[in-house]
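structure, please.
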Amino acid sequence: MRTLAFPLLVFLWVSPSPGQDAKPTATEKDRQQIENAASSFVEAFNKHDVKALTELFTEDAEVVERGGERFVGRDEIDAAFADAFQQSPKSKISLTVDSLRFVTPDVAVEEGIMTWFPD
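The predicted structure is shown next:
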């Protein structure tokens, strides 16, 4: 078992109501959407569902691995997951979220531990 610690940045658009200060706030709905996205990631990864994983990223997303390898855009991210699953067809992950904080009304930082269980 290999444990990787990494921060996850989750970008969420939250518009303040007219006359409301743009302070870092979050509703329970905002938090739930982020938790659902994290759960969807784990579920898709554990099913090795490359398409579902790729759809969780924006068209111009960037993934940078711990060693510095970079994948830019959905096509490269898709290929990276497909390759990873081919190399390790029974791998699974778990995710523990340690904190979730909003740094602006439309940017949240989720930090936690992803544990990878190789074949």
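
excluding sequence neighbours, find me the nearest residue to S91.
P118 (5.2 Å; C-beta to C-beta, 6 or more residues apart in numbering). Bear in mind the C-beta positions are built from the backbone N, C-alpha and C, glycine included.

sorry, slip of the keys, the one I care about is K51.
Closest residue to K51 apart from its sequence neighbours, by C-beta to C-beta, 6+ apart: D78 at 7.8 Å.

what residues are up against that neighbour?
If a contact means C-beta atoms under 8 Å, 6 or more residues apart in numbering, then D78 has 50-51, 53-54 as its contacts.

please identify which pair of these lies farthest apart.
K51 and L53 (7.3 Å; C-beta to C-beta).

looking at these two, which one has more neighbours?
Counting neighbours by other C-beta atoms under 10 Å for K51 and for L53 shows that L53 has the greater number, 22 against 10.

so what secondary structure elements neighbour the helix or strand in which that one is found?
Mapping L53 onto the secondary structure by DSSP states H and E places it in helix 50-55. Identification of packing neighbours for helix 50-55 by 3 or more C-beta pairs under 8 Å, 6 or more residues apart in numbering; DSSP states H and E yields helix 28-47, helix 73-87.
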